[in-house]
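> I would like to see how this sequence folds:
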Amino acid sequence: MKRMLAMFLSLLLTSVFLTACGGQAGLQDGYYTAQAAEFSHGWKEYITIMVKGGSIVSVEYNAENASGFIKSWDNAYMQTMFHAEGTYPNEYTRYYANQLLERQGKGEIDALAGATSSYGTFQILAQAVLEQARQGDSSIMIVDTSH
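Numbering: from 1, shown residues only. Presented below is the predicted three-dimensional model:
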């Protein structure tokens with residue numbers, strides 16, 4: 001009985017929170033991009049989402065260097081990071097993007113061990129891109145991701 005009451009209160013609080021914050025209601029169809037304002041360790045991270053029918057239908061999360069080369073394509077970087085951290089850009093970018101897609105921007109996204117810096121940046125960019133989608137602003141949003 002206590003467990004049912006706790007679950008009910010949790011759902012009620014979540015409902016109140018989402019209502020107060022506007023939830024994800026009102027995502028406007030289109031493509032939206034939020035990009036870090038500055039390069040970090042030679043890379044500038046970004047998120048692009050596509051919204052259709054008010055739902056997120058695709059998410060791309062990655063980073064590019066000054067010449068436009070995509071981080072998850074950098075095999076040398078992948079090898080170095082994998083041996084040092086146990087993960088690599090092609091893995092964690094997909095992991096974070098899939099969580100945003102599956103949860104539709106609702107709820108917490110789990111951090112992946114070895115990619116916690118990118119996790120922080122992802123959280124900031126995700127909030128920015130979701131706000132763009134609520135407003136229907138398809139310009140590229142430049143975001144201060146220093147954390």
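> now for the residue sitting nearest the centre point of the chain: which residues touch it?
Taking C-alpha atoms, centre = their mean as the criterion, A126 is the residue nearest the geometric centre of the chain, at 3.8 Å. By C-beta atoms under 8 Å, 6 or more residues apart in numbering, A126 lies in contact with 34, 47, 100, 105, 109. The way it works is simple: take the backbone N, C-alpha and C, and place the C-beta from them, glycine included.
> which one (most neighbours) among those residues?
I47 (29 neighbours; other C-beta atoms under 10 Å).
> would you confirm that it contacts Q123?
No - I47 sits out of contact with Q123 when judged by C-beta atoms under 8 Å, with a separation of 10.3 Å.
> low pLDDT regions in the protein?
1-25, 147 (pLDDT under 70).
> recalculate using a threshold of 90.
Residues of the chain meeting the criterion pLDDT under 90: 1-26, 41, 74-78, 80, 83, 85, 88, 105, 107-117, 146-147.
> and for N75, the neighbour number?
Residues near N75, counting by other C-beta under 10 Å: 10.
> same thing with A63?
When neighbours are counted by other C-beta under 10 Å, A63 comes out with 23.
> could you do G53 as well?
For G53, using other C-beta under 10 Å, the count is 7.
> where along the chain do the helices fall?
Using DSSP state H, the helices of the chain run over 2-21, 75-85, 89-103, 116-135.
> please save the CA atoms from the last one in PDB.
So that's helix 116-135. C-alpha atoms of helix 116-135 as PDB (Å, rounded to 0.1, in the frame of the first residue of the first chain):
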ATOM      1  CA  THR A 116      30.600  12.600 -18.500                       C
ATOM      2  CA  SER A 117      31.900  15.900 -19.900                       C
ATOM      3  CA  SER A 118      30.000  15.300 -23.100                       C
ATOM      4  CA  TYR A 119      27.000  14.300 -21.000                       C
ATOM      5  CA  GLY A 120      27.000  17.800 -19.400                       C
ATOM      6  CA  THR A 121      27.200  19.500 -22.800                       C
ATOM      7  CA  PHE A 122      24.500  17.200 -24.200                       C
ATOM      8  CA  GLN A 123      22.100  18.100 -21.300                       C
ATOM      9  CA  ILE A 124      22.600  21.800 -22.000                       C
ATOM     10  CA  LEU A 125      22.200  21.500 -25.800                       C
ATOM     11  CA  ALA A 126      19.200  19.200 -25.400                       C
ATOM     12  CA  GLN A 127      17.300  21.800 -23.300                       C
ATOM     13  CA  ALA A 128      18.200  24.500 -25.900                       C
ATOM     14  CA  VAL A 129      17.100  22.500 -28.900                       C
ATOM     15  CA  LEU A 130      13.800  21.500 -27.200                       C
ATOM     16  CA  GLU A 131      13.100  25.100 -26.400                       C
ATOM     17  CA  GLN A 132      13.700  26.000 -30.100                       C
ATOM     18  CA  ALA A 133      11.200  23.300 -31.100                       C
ATOM     19  CA  ARG A 134       8.600  24.700 -28.700                       C
ATOM     20  CA  GLN A 135       9.100  28.100 -30.200                       C
END
